[in-house]
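> got a predicted structure plus its sequence, pasted below:
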Amino acid sequence: MAFADAVFDGSALLDRVHAVRAHDLARVKETLDGHAAIPVYVHDIGPLLADVKPDVLIDARLRKHARPEVQRGLAEFTVGLGPSLVAGGHADVVVETSWERLGAVIAEGTSLPLAGEPRELGGHARDRYVYAPSDGIFRTKARIGDVVRQGHEIAEIGAMALTAPLDGILRGLTRDGVPVTVRTKIIEVDPRGSGAEVRGIGERPRRIAEGVLQAIRAWAAAPGRRTQRA
């Protein structure tokens, strides 16, 4: 589960933290001022940054197949997540998202590798996933937590059927009706049966979040920290 569910459902609750969709900047500011929920805003980031003026900006899009964008300078302190980002270039610091050094805060001048292998679950690693074979609209009637069998159809993109890569429980699934691009990860199966983890915050995002929090705390405690954005 993720706060992105609020984009589709209007709200989401994850580990007792509430998020709501904010349709405009006024709703963003109202939600922030209320201190009761996280606003989820799906529009151009420029007006948002100009209006809200955050001290910290975290680029958590993890876009493996897109050219990295420079976020440094858009806030007083910027943190980047995902492959091919350079600390001190794209962001002030970057946090490792691959299992080898998961959650590590990367020093200035160091880039994250482009590729990393998924963690093995129940004897399966990358073969647990289905990637979009082409650009198109993802269509499915399946839901997270569904029991699936290898070879059974789960979704489709255009006329192309997408099947379960192995027996297990649906752990990750793109929302019905969402446009996807080729090579996007769109389906994940957990082969562990009753031991599958499909709810709440998983180990990987939790450890990444811990790294982000570590970076922010170190920045906030640094002697002579700037009090205004450059």
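Structure's in. What do you need?
> tell me how many other residues crowd the closest residue to residue 25 other than its chain neighbours.
Spatial nearest neighbour of residue 25, chain neighbours left out: residue 51 (5.1 Å); criterion: C-beta to C-beta, 6 or more residues apart in numbering. Every C-beta, even on glycine, is put in place using the N, C-alpha and C of the backbone. A count of nearby residues for residue 51, using other C-beta atoms under 10 Å, gives 11.
> how far off centre is the strand or helix carrying residue 51?
Using DSSP states H and E, the secondary-structure element containing residue 51 is helix 45-52. Remark: helix 45-52 is offset 21 Å from the chain centroid, using C-alpha atoms, centre = their mean, to the nearest Å.
> on that earlier part again, so what's the residue nearest to residue 25 up against?
Residue 51 makes contact with 25, 28-29, according to C-beta atoms under 8 Å, 6 or more residues apart in numbering.
> what's the closest of these to residue 187?
residue 28 (31.9 Å; C-beta to C-beta).
> OK, contacts around the closest one?
Applying C-beta under 8 Å, 6+ apart to residue 28 gives the contacts 22, 39, 41, 48, 51-52.
> do residue 130 as well
So residue 130 contacts 154, 162-165, 185-188 (C-beta under 8 Å, 6+ apart).
> of the residues you listed - the most surrounded one?
That'd be residue 187 among these, by other C-beta under 10 Å, with 24 neighbours.
> element containing that residue, please.
Counting by DSSP H and E, residue 187 is part of strand 185-190.
> partner strands of that strand and their direction?
strand 129-131 (antiparallel), strand 168-173 (antiparallel) (DSSP bridges).
> deepest of the ones you listed, which one?
Comparing the strands paired with strand 185-190 by mean neighbour count (mean count of other C-beta atoms under 10 Å), strand 168-173 ranks first with a mean of 20.
> outside of whichever helix or strand comes after it, which residues touch it?
Using DSSP H and E, the helix or strand that follows strand 168-173 in sequence is strand 179-180. For strand 179-180, the external contacting residues (C-beta under 8 Å, 6+ apart) are 132, 135-138, 157, 174, 186.
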